[in-house]
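A.B. asks: Only the shape, not the letters, is given here:
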Ligand SMILES: O=c1ccn([C@H]2C[C@H](O)[C@@H](COP(=O)(O)O)O2)c(=O)[nH]1
């Protein structure tokens, strides 16, 4: 993934949103952590991976991908809050040994660890785990990037439309 480009785009979007809402001087870290947890819940809901009581299939791939990149937005945004966007970050994504449900739970755990530690190592582990999930859900790097670009644009439009 072109991390530098994604960080740049996210930084511009975040600055725009903060200015629109007069939040330049606020600490948004905890709200962004909660936003990420919620987005990941929405993503899990679309995959239906945990719904052992239901026979309905998961949502369409594009729907799941859009939810997935909402999470990418908040992960990038949290990295920017911590000043990691200026650092050299190399993400190593190996195949997960967990099933999709286990991977979601691992990501929740890593968010909690990162929330407390706020360091680059815990951030990198969280980001890598999220990209492992992308692999499990069948998304290529290119698909993720393109979906991110699209949603980033939609987020600007929403701000202009009093979202
Ligand atoms: O500071 C912010 C706040 C929100 N978003 C984006 C991330 C998601 O793509 C979207 C969340 O929108 P809803 O969950 O309200 O649909 O907003 C950001 O990128 N930065």
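C.D. replies: Yes, it's here. As the structure is a computational prediction, the values presented were derived from the model and not from experiment.

A.B. asks: For the closest residue to residue 23 other than its chain neighbours, give me the pLDDT.
C.D. replies: Nearest residue to residue 23 in three dimensions, chain neighbours excluded: residue 17, at 7.7 Å (Cβ to Cβ, 6 or more residues apart in numbering). Using the backbone N, CA and C atoms, a C-beta is placed for each residue, glycine as well. Turning to residue 17, the model gives it a pLDDT of 98.

A.B. asks: Same check on residue 119?
C.D. replies: pLDDT, read off for residue 119, is 98.

A.B. asks: distance of the residue of the chain found nearest the ligand from residue 120?
C.D. replies: Proximity of the chain to the ligand (Cβ to the nearest ligand atom) peaks at residue 73, 3.4 Å away. According to Cβ to Cβ, to the nearest Å, residue 73 and residue 120 sit 19 Å apart.

A.B. asks: circling back to that earlier point, near the residue of the chain closest to the ligand, how many other residues are there?
C.D. replies: 22 (other Cβ atoms under 10 Å).

A.B. asks: Against which helices or strands is the helix or strand harbouring it packed?
C.D. replies: Assigned by DSSP states H and E, residue 73 belongs to helix 61-81. Secondary-structure packing of helix 61-81 (3 or more Cβ pairs under 8 Å, 6 or more residues apart in numbering; DSSP states H and E): helix 3-20, helix 29-47, helix 120-137, helix 141-160.

A.B. asks: Direction-wise, compare it with helix 120-137 and give the angle.
C.D. replies: Our comparison of helix 61-81 with helix 120-137, counting by axes from the mean of the first three to the mean of the last three Cα atoms, to 10 degrees, yields an angle of 170 degrees.

A.B. asks: Might you enumerate the residues of this structure proximal to the ligand?
C.D. replies: 13, 14, 17, 70, 73, 74, 77, 151, 155 (Cβ under 6 Å from any ligand atom).

A.B. asks: Please consider this matter closed, and thank you.
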